[in-house]
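based on what follows, work out the 3D shape:
(one chain, ligands or ions: 1)
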Amino acid sequence: MRASLIQIAVDEGESVAVRRRRAASLVRAESAADLVVLPELWTTGAFAFDEFDGAAEPLRGPTYEAMGAAAADAGVWLHAGSVPERDIDGTLYNTSLVFAPSGDLAASYRKIHRFGFDQGEAVLMGAGRDLVAVRLPETVVGVATCYDLRFPELFRGLVDAGAETLVVPAGWPERRRAHWTLLARARAVENQAFVLACGTAGTHAGVPQAGHSIVVDPWGEVLAEAGADEEVLRAEFDPAKVARTREQFPALKDRVL
Ligand SMILES: NC(=O)CCC(=O)C(=O)O
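Numbers count the residues shown, from 1 in each chain. The predicted model follows:
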């Protein structure tokens, strides 16, 4: 299975509309991939709290339209990262969109753990409640978003829902990059699953982004890792390695809780 993680730069000099067009053409260029991934809140930047309200869109808004068309043109599964979604009651959510190669929406996921403690996303956005796993022809993808990476119980829930590949779009800051890499590898090892974690590059709202998108196999080995700048990280992996690892080292069977 071939995955392409588009570690797009989110810088203040670029408008949302221009970045959306650029993201769509980056997706179209990945037609050789089976699965393409974009990061968290790449239209605004995950730390651009002042932008969330103005850039919020309905689930089937401009980003949905652009990404559905790009997925169909490229003929790929597309985890289009997340957008600030405005629900009909006015509540904002940090919502991920997953498209099938037909361009149809296969799933959406509202981020469960909002970041910021008593500020930022944690007060501006509502919390999702539902775990989401999507069946692709080659693997079952469990989705989570950025700060969710710190909550292993969410990932165990995804494994219980059948997930073999964990896809994590993020807007992770440079100052906690060591946690990002450590947590991505930990989630892979403890769940014996592939982890595809796609961050942003650039600096927005004064927060330099870590980049360093990463693909980790079920044994915790890093298959590919990006640098700090905008880049498309490509990795090829065998989804059957999940079943092999779980059979050869059946730690998941020893769960008590
Ligand atoms: N956008 C986020 O969820 C940021 C998470 C983060 O900075 C951290 O967990 O550290």
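
what's near enough to touch T200?
T200 makes contact with 7-10, 39-40, 42, 45-46, 170-172, 209, 211 under the criterion Cβ atoms under 8 Å, 6 or more residues apart in numbering. Quick note: C-beta positions are derived from backbone N, CA and C, even for glycine.

following element in sequence after the helix or strand where V36 lies, please.
Taking DSSP states H and E as the definition, V36 sits inside strand 35-37. Using DSSP H and E, the next helix or strand after strand 35-37 towards the C-terminus is helix 49-55.

who's in contact with that following helix?
Around helix 49-55, the neighbours that count as contacts under Cβ under 8 Å, 6+ apart are 16, 43-45, 84, 92, 116, 119-121, 124-125, 205.

ok, now with 10 Å
12, 16, 41, 43-46, 48, 61-63, 83-84, 86, 90, 92, 94, 116, 119-121, 123-125, 204-205 (Cβ atoms under 10 Å, 6 or more residues apart in numbering).

now do stretch 25-32
2-8, 33, 36-38, 66-67, 69-76, 78, 80, 99, 101, 230, 232, 234.

one more pass at 8 Å, please.
Residues contacting stretch 25-32 (Cβ under 8 Å, 6+ apart): 2, 4, 6, 8, 36, 38, 67, 70-71, 73-76, 78, 80, 232.

can you list the buried residues in it?
L26, V27, R28, E30 (16 or more other Cβ atoms under 10 Å).

before we move on, which element is the second one in?
Per DSSP H and E: V27 is located in helix 16-28.

so for that helix, mean pLDDT?
For helix 16-28, mean pLDDT rounds to 98.

before we move on, what about stretch 241-254?
For stretch 241-254, the per-residue pLDDT averages 98.

helices along this structure, start to end?
16-28, 49-55, 62-74, 121-124, 152-160, 177-191, 240-248 (DSSP state H).

turn those into TSV, including distance to the ligand.
Shown next, in TSV, are the helices of the chain (distance: least, Cβ to the nearest ligand atom, whole Å):
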stretch	distance to the ligand
helix 16-28	17
helix 49-55	11
helix 62-74	17
helix 121-124	6
helix 152-160	13
helix 177-191	6
helix 240-248	26
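
relative to helix 62-74, how tilted is the lengthiest strand in the chain?
Longest strand in the chain by number of residues, with DSSP state E as the criterion: strand 77-86. Angle, strand 77-86 to helix 62-74, by axes from the mean of the first three to the mean of the last three Cα atoms, to 10 degrees: 170 degrees.

for A23, give me its contacts.
The contact partners of A23, taken as Cβ under 8 Å, 6+ apart, are I6, I8, L38, W42, A66, M67, A70.

10 Å instead, please
By Cβ under 10 Å, 6+ apart, the neighbours of A23 are I6, I8, L38, P39, W42, T43, T63, A66, M67, A70, A80, G81.

the fourth one touches I8, doesn't it?
Yes. Contact between P39 and I8 holds when scored by Cβ atoms under 10 Å: they sit 6.5 Å apart.

what about the nearest residue to Q119 once chain neighbours are set aside, how many neighbours?
Using Cβ to Cβ, 6 or more residues apart in numbering and skipping residues adjacent in sequence, the residue nearest Q119 is F49, 7.8 Å away. Residues near F49, counting by other Cβ atoms under 10 Å, number 18.

what's the answer for the one 4 residues further on, then?
As a burial measure, D53 scores 13 neighbours (other Cβ under 10 Å).
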